[in-house]
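Undergrad: Quick one, fold the following:
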Amino acid sequence: MNVGDLNRREFGEQLAGDGVALQFGPFNLRLRSDLDSFAAHAHQLYEPYPLPETTAICDFHVQICAPRGLRRWLRRQACFGVDGQFPFAPYTVEHAFPALEWGINWCVATRAHHLLLLHSAAVERNGRAILFPASPGNGKSTLCTALVHSGWRLLSDEFGLVRPEDGLLLPIPRLIPLKNESIDVIRRFRPEAIIGPSFLATRKGTVAHVRPPLDSIRRAQEPARPRWLIFPRWVSGAPLTLEPMSRSQAFLMVATNAFNYDVLDETAFRLVTDMVHACDCYSLVYSDLNEAIPALDELCNSMDR
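TA: Numbers count the residues shown, from 1 in each chain. Predicted coordinates for the structure are as follows:
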């Protein structure tokens, strides 16, 4: 059963009541909200996501709701909560949906320490995955969105979830947040992409969320093996360059782009070491998706020859 099997009224009533349980890859969460505008956005963008079995344990209990007390009447705001705690200052009610998305990412980054959490986009094709470790502003979300609308499967835009027992990547194909100019870049590159409304003047500028292709959502329980580590950087007007990188440099860049490297300690060192030795490592500079996508396709196709 998926979110789309509930009509808009049923979905809103469940959100405002006991909440709706949602499955995102290896995580189940229960979501509550008393904000009608949020319910409309969530029903539209979460439509193909599965609802877990009623007996499934939820990893996080989250809510996006109006503040309590006098705040509720003084100003229209939205508060993100998890397990009864409210870790962030209130958002304007118009930004409730991006606030929830950021909050869910925060839950994964701060609590899922049974996995190595790399700050990285990840896509897969033919059983082999590319990891794109990168800091904000380097174009990984734009590149990731373009790839998953060009024949690649989305594992994640935000997390490389590495399973310690075998080093495989676990998918968590959630919505992809695009910011500012990237929104129009993807609208032009793939007009068929399902993109939600643009939220203006958020804490990260203008934000819109891309729903992954259905195949990525349906295959959310299918892990993949890392094959390439590619460190992307978008530079306006720059010619495409895809150059090999030393494994020692790649190790440092992966380790410093991990959310919980220090928490996992020796386990993290082993996992990153094994990954770097198993992967070909490259730096990528690009300015044009019509150049970058064929170059990455060719890299993958060369393995089949």
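Undergrad: Okay, helices next: where are they in the protein?
TA: Along the chain, counting by DSSP state H, helices occupy 8-16, 36-45, 71-74, 96-111, 140-148, 181-189, 214-218, 247-255, 261-264, 266-278, 289-301.
Undergrad: highest average neighbour count across those?
TA: Stretch with highest mean neighbour count among these: helix 140-148 (a mean of 25; mean count of other CB atoms under 10 Å). Placement of C-beta: from N, CA and C, glycine included.
Undergrad: Return the residues in contact with P226.
TA: Residues in contact with P226 (CB atoms under 8 Å, 6 or more residues apart in numbering) are A129, L131, G160, V162, G167, L169, M275, A278, C279.
Undergrad: What is the distance between stretch 119-132 and the centre of its chain?
TA: Stretch 119-132 has its C-alpha centroid displaced from the chain centroid by 12 Å (CA atoms, centre = their mean, to the nearest Å).
Undergrad: Compute the first-to-last residue distance for that stretch.
TA: Using CA to CA, to the nearest Å, the end-to-end distance of stretch 119-132 comes out at 9 Å.
Undergrad: Same question for stretch 278-292.
TA: 23 Å.
Undergrad: How many neighbouring residues does R219 have?
TA: By the criterion of other CB atoms under 10 Å, R219 has 16 neighbours.
Undergrad: Format the contacts of P226 as TSV; extra columns: pLDDT.
TA: Formatted as TSV, those follow (pLDDT from 0 to 100):
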residue	pLDDT
A129	98
L131	98
G160	97
V162	98
G167	97
L169	98
M275	97
A278	96
C279	97
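Undergrad: Okay, and which of the residues you listed map to strands?
TA: Here DSSP state E is the test, and the contacts of P226 give A129, L131, G160, V162, L169 as lying in strands.
Undergrad: got these as a markdown table, with neighbour count and distance to A112 columns?
TA: Formatted as a markdown table, the ones in strands among the contacts of P226 follow (neighbours: other CB atoms under 10 Å; distance: CB to CB, whole Å):
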| residue | neighbour count | distance to A112 |
| --- | --- | --- |
| A129 | 24 | 19 |
| L131 | 27 | 17 |
| G160 | 28 | 12 |
| V162 | 27 | 11 |
| L169 | 26 | 14 |
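Undergrad: With H43 as the reference, measure out to the closest residue in space to H149 that isn't next to it in sequence.
TA: Excluding its sequence neighbours, the residue lying closest to H149 (CB to CB, 6 or more residues apart in numbering) is R190, at 4.2 Å. R190 sits 23 Å away from H43, taking CB to CB, to the nearest Å as the criterion.
Undergrad: cool, and R187?
TA: 22 Å.
Undergrad: What of R125?
TA: Taking CB to CB, one finds R125 at 31 Å from H43.
Undergrad: follow-up on the earlier one: between the contacts of P226, which is closest to Y286?
TA: Closest approach between the contacts of P226 and Y286, by CB to CB: L131, at 16.5 Å.
Undergrad: what about the residue nearest to H149, how many residues close to it?
TA: 17.
Undergrad: got it, and Q221?
TA: 11.
Undergrad: tell me the two of the contacts of P226 that are most distant?
TA: G160 and A278, at 13.5 Å, using CB to CB across the contacts of P226.
Undergrad: sorry, back to before: going by mean pLDDT, which of the helices of the chain comes out lowest?
TA: Lowest mean pLDDT within these: helix 71-74, at a mean of 52.
Undergrad: Switch the contacts of P226 over to a markdown table, and while doing so, append distance to Y91 to every line.
TA: As requested, the contacts of P226 are exported to a markdown table (distance: CB to CB, whole Å):
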| residue | distance to Y91 |
| --- | --- |
| A129 | 34 |
| L131 | 31 |
| G160 | 28 |
| V162 | 31 |
| G167 | 37 |
| L169 | 31 |
| M275 | 36 |
| A278 | 41 |
| C279 | 38 |
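Undergrad: Which member of the residues you listed is positioned nearest P177?
TA: Closest to P177, out of all of those and judged by CB to CB, is G160, at 16.9 Å.
Undergrad: and the closest one, bridged to which residues?
TA: L118 (DSSP bridges).
Undergrad: show me what contacts it?
TA: G160 touches L116, L117, L118, H119, S120, A121, A122, L131, P133, L169, P226, counting by CB under 8 Å, 6+ apart.
Undergrad: isn't the first one right up against D166?
TA: I take that to be L116. No. Applying CB atoms under 8 Å, one finds L116 not in contact with D166, separated by 11.9 Å.
Undergrad: show me the residues around the residue lying closest to P213 once chain neighbours are set aside that make contact.
TA: Residue nearest to P213 in three dimensions, not counting chain neighbours: V148, with 6.0 Å by CB to CB, 6+ apart. Each residue near V148 by CB under 8 Å, 6+ apart is listed here: V123, L154, I176, P212, P213, S216.
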